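Participant: When you get a sec, could you give me coordinates for this:
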Amino acid sequence: MKKYVRGTAIVGVLTLAVAACGSKPTEENAGGSANKDFKACMVSDSGGFDDKSFNQTSYKGLQEAVQEKGITEVKAESKSDNDYPTNMTAMVNAKCNIIVSVGFKLEDATDKAAQANPNIKFAIVDSAPEKPIENVKPLSFNTAQTSFQAGYLAAAMSKSGKVGTFGGLKIPTVTIFMDGFAEGVRYYNQQKSKNVQVLGWDDQKQAGLFTGDFEDKAKGQNNAQNLITQGADVIFPVAGPSGLGGLQAAKASNGKVNAIWVDTDGCVSAAEYCSVLLTSVQKGMDVAVKDAIISVLDNKFDNTQFIGTLENGGTSLAPFHEFDSKIPADVKSELEQIKADIISGKIQVQSKVQPKAS
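Facilitator: Numbers count the residues shown, from 1 in each chain. Predicted coordinates:
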């Protein structure tokens, strides 16, 4: 079983369109930067770069590195899982200096490409090779910690006494959120002598509700509506673009149901749903990706696994935005204490899929 983890204007951009139709790569370079020959490359998973979540946040890190250092960007957007080997080969052929792959589903393609091309540096978000590979930097995030806070908040804000979650696929990078969420609700019940129920996920049995993909919003909406029909009034979708259907269901409730988003601040990435978002469980993928790229440019690359935590800011709760005045001050204080207690070890998050340093 593989382990899981993880200025100036844009000077030059090179975009490779790698699709079934065989689009011709287009290149657009403006001179003026000493670093324009340095190519920072990225392959998305099937959610695409505009998923308002996982890929989009990772791509933001690439864009920031390009803007700050005047390097050249190369990217390949995957439309399906079948595209990963083709897109990875395209990045190798583009003579990239570093290739960042976004997500667990690209681990096989990444491992093979890295071992076949030792002179190219790689970074992968949310995965780690079974055995460390010299030219692969794993970027991982312990979102169970922040999801613990999210579960506590959901329980505290629930009026029905039921909250719900669903995932895209039953894989560790999804269930880590759901585990933490369930643990946070349980901790709230223990602290407050309550009995808020979690629908959609049993972390003890590792069984729950999934859409089966990360793309189908209708499935996400159906799953969320299923939870709402059972009484859940806070929804925690962990399903990428499919999860946006969950936010649609919450918004359609006209104030009866709220939600918590994942990966990025939903009030920024999916602002049309901000009115129903209590907060979001953020993963600092943009910062980790940017740092990995710049480390290669500065000849400081290493393959040590990065793990984003509450302590180092690699994962965090987003601002409360429109709910800032609606969340009681004592709940806000309790969330801060939970953060401190997780960092100190007083609270031990139990999820078995938390990333561990390799």
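Participant: Looks to me like residue 66 is in a strand.
Facilitator: No - counting by DSSP: H, G, I helix; E, B strand; the rest coil, residue 66 falls outside a strand, being helix.
Participant: Backbone dihedrals for the nearest residue to it once chain neighbours are set aside, please?
Facilitator: With Cβ to Cβ, 6 or more residues apart in numbering as the criterion, residue 66 has its nearest non-adjacent residue at 4.8 Å, and that residue is residue 73. Where you see a C-beta, it was placed from the backbone N, CA and C, and this is true even at glycine. For residue 73, the backbone dihedrals (degrees, to the nearest 10) come out as phi -100, psi 140.
Participant: From residue 268, how far off is residue 73?
Facilitator: For residue 73, the distance to residue 268 equals 21 Å [Cβ to Cβ, to the nearest Å].
Participant: try residue 260
Facilitator: In terms of Cβ to Cβ, residue 260 sits 15 Å off from residue 268.
Participant: In terms of neighbours, single out the busier of these two.
Facilitator: Higher neighbour count among residue 260 and residue 268: residue 260, with 31 against 16, using other Cβ atoms under 10 Å.
Participant: mind checking which helix or strand the more buried one is in?
Facilitator: Assigned by DSSP states H and E, residue 260 falls within strand 258-263.
Participant: any idea of the mean pLDDT in that strand?
Facilitator: For strand 258-263, mean pLDDT is 96.
Participant: Quick one: list the elements packing against that strand.
Facilitator: helix 143-157, strand 234-238, helix 244-251, strand 277-283 (3 or more Cβ pairs under 8 Å, 6 or more residues apart in numbering; DSSP states H and E).
Participant: Restricting to C-alpha, output whatever helix or strand comes next after the first one in CSV.
Facilitator: Downstream of helix 143-157, the first helix or strand assigned by DSSP H and E is strand 162-167. Extracted C-alpha coordinates of strand 162-167, given in CSV (Å, rounded to 0.1, in the frame of the first residue of the first chain):
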residue,chain,number,x,y,z
LYS,A,162,-27.4,15.8,12.1
VAL,A,163,-24.5,16.7,9.8
GLY,A,164,-23.5,14.9,6.6
THR,A,165,-20.5,14.2,4.4
PHE,A,166,-19.8,12.4,1.1
GLY,A,167,-16.7,11.8,-1.0
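Participant: what's the angle from strand 162-167 to strand 258-263?
Facilitator: Counting by axes from the mean of the first three to the mean of the last three Cα atoms, to 10 degrees, strand 162-167 lies at 30 degrees to strand 258-263.
Participant: How far off centre is strand 162-167?
Facilitator: 18 Å (Cα atoms, centre = their mean, to the nearest Å).
Participant: Contacts for that strand next, please.
Facilitator: 151, 154-155, 174-175, 177-178, 181-182, 185, 196-201, 208-211, 220, 223-224, 227-228, 230-239, 243, 246 (Cβ atoms under 8 Å, 6 or more residues apart in numbering).
Participant: can you list the helices and strands packed on strand 258-263 in TSV and add mean pLDDT?
Facilitator: Output for these, formatted as TSV (pLDDT from 0 to 100):
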stretch	mean pLDDT
helix 143-157	98
strand 234-238	98
helix 244-251	97
strand 277-283	97
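Participant: if we can go back for a sec, which positions are bridged to the residue nearest to residue 66 in the beta structure?
Facilitator: residue 13, residue 40 (DSSP bridges).
Participant: That one and residue 283: what is the separation?
Facilitator: For residue 73, the distance to residue 283 - Cβ to Cβ - is 21 Å.
Participant: what's the answer for residue 171, then?
Facilitator: Taken as Cβ to Cβ, the span from residue 171 to residue 283 is 15 Å.
Participant: before we move on, what about residue 142?
Facilitator: Distance from residue 142 to residue 283, by Cβ to Cβ: 9 Å.
Participant: Mind checking which of those two has more residues around it?
Facilitator: Taking other Cβ under 10 Å, residue 142 and residue 283 do not tie; residue 283 has more neighbours (30 against 27).
Participant: What sits closest to the more buried one if chain neighbours are left out?
Facilitator: residue 141 (4.4 Å).
Participant: Residue 213 against residue 245, yeah?
Facilitator: No - applying Cβ atoms under 8 Å as the test, residue 213 and residue 245 come out as separate, 11.5 Å apart.
Participant: Isn't residue 236 up against residue 181?
Facilitator: Yes - counting by Cβ under 8 Å, residue 236 touches residue 181, with 5.3 Å between them.
Participant: Now do residue 284, the pLDDT please.
Facilitator: 93.
Participant: Give me the phi and psi for it.
Facilitator: Here residue 284 shows phi and psi, under degrees, to the nearest 10, equal to phi -80, psi 50.
Participant: so who does it touch?
Facilitator: For residue 284, counting by Cβ under 8 Å, 6+ apart, the contacting residues are 141, 308, 313, 314, 315, 316.
Participant: Correct me if wrong: the second one contacts residue 288.
Facilitator: Yes - the pair formed by residue 308 and residue 288 meets the contact definition of Cβ under 8 Å, at 6.4 Å.
Participant: ok, back up a step: joint contacts of residue 142 and residue 283?
Facilitator: What both residue 142 and residue 283 touch, as defined by Cβ under 8 Å, 6+ apart, is the set 308, 314, 315.
Participant: any idea how far residue 322 lies from residue 45?
Facilitator: 30 Å.
Participant: try residue 198
Facilitator: According to Cβ to Cβ, residue 198 stands 27 Å off from residue 45.
Participant: which element follows the longest helix seen in the chain toward the C-terminus?
Facilitator: Longest helix in the chain by number of residues (criterion: DSSP state H): helix 172-192. Where DSSP H and E defines the elements, the next helix or strand beyond helix 172-192 is strand 197-199.
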